[in-house]
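Q: Show me the folded form of this:
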Amino acid sequence: MIFETPEAFAGDGDGSFDLYENVSGVITRVSVGEKNGNGVNGVLFARASTDAARVFFLTSEQLTDDDSDSSWDLYERSEGLTALIS
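A: So this is what the prediction gives:
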């Protein structure tokens with residue numbers, strides 16, 4: 001199950017909305033990247049594949065090195081990695 005909430009789970013320390021995955025009671029934060037992922041910028045769930053192996057979300061936080069601005073971008077989280085889509 002994929003959900004978004006401002007509550008702090010899985011090492012999150014801010015009050016901004018983050019995206020999480022709950023698999024058999026284990027909660028993992030999805031809205032993270034190689035660069036950031038715990039800033040004050042919120043996140044919006046876009047969609048997920050049927051099996052939730054690929055999760056797409058929007059945020060203005062720079063989560064990858066190839067994101068060089070503070071505009072809203074679409075990211076994909078898959079197999080523990082985050083990729084900038086747009």
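Q: Would you list the phi and psi of the residue nearest to the spatial centre of the chain?
A: With distances taken as C-alpha atoms, centre = their mean, residue 31 lies nearest the centre of the chain, 1.4 Å away. Backbone geometry at residue 31, expressed as degrees, to the nearest 10, gives phi -80, psi 60.
Q: My guess is it contacts residue 56. True?
A: No: under the contact definition of C-beta atoms under 8 Å, residue 31 does not touch residue 56, with a separation of 11.0 Å. Every residue, glycine included, has its C-beta placed from N, CA and C.
Q: Now list whatever residues contact both of these two.
A: Counting by C-beta atoms under 8 Å, 6 or more residues apart in numbering, the contacts common to residue 31 and residue 56 are 75, 77.
Q: List the contacts of residue 44.
A: For residue 44, the contact set (C-beta under 8 Å, 6+ apart) comprises 4, 17, 57, 58, 59.
Q: Pull up the gap between the second one and residue 7, please.
A: Same thing as residue 17. 9 Å (C-beta to C-beta, to the nearest Å).
Q: Looking at the two, which one has more neighbours?
A: residue 17 (17 against 11; other C-beta atoms under 10 Å).
Q: so who does the more buried one touch?
A: With C-beta under 8 Å, 6+ apart, residue 17 has these contacts: 4, 5, 6, 42, 43, 44.
Q: With residue 86 instead?
A: Neighbour list for residue 86: 73, 74 [criterion: C-beta under 8 Å, 6+ apart].
Q: With just CA atoms, put the helix or strand hosting residue 45 into CSV.
A: Element membership of residue 45, judged by DSSP states H and E, is strand 43-48. Taking C-alpha atoms only, strand 43-48 is exported to CSV below (Å, rounded to 0.1, in the frame of the first residue of the first chain):
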residue,chain,number,x,y,z
VAL,A,43,5.3,15.5,-2.1
LEU,A,44,2.2,14.6,-4.2
PHE,A,45,1.5,11.0,-5.2
ALA,A,46,1.1,10.6,-9.0
ARG,A,47,0.6,6.9,-9.6
ALA,A,48,2.1,3.4,-9.0
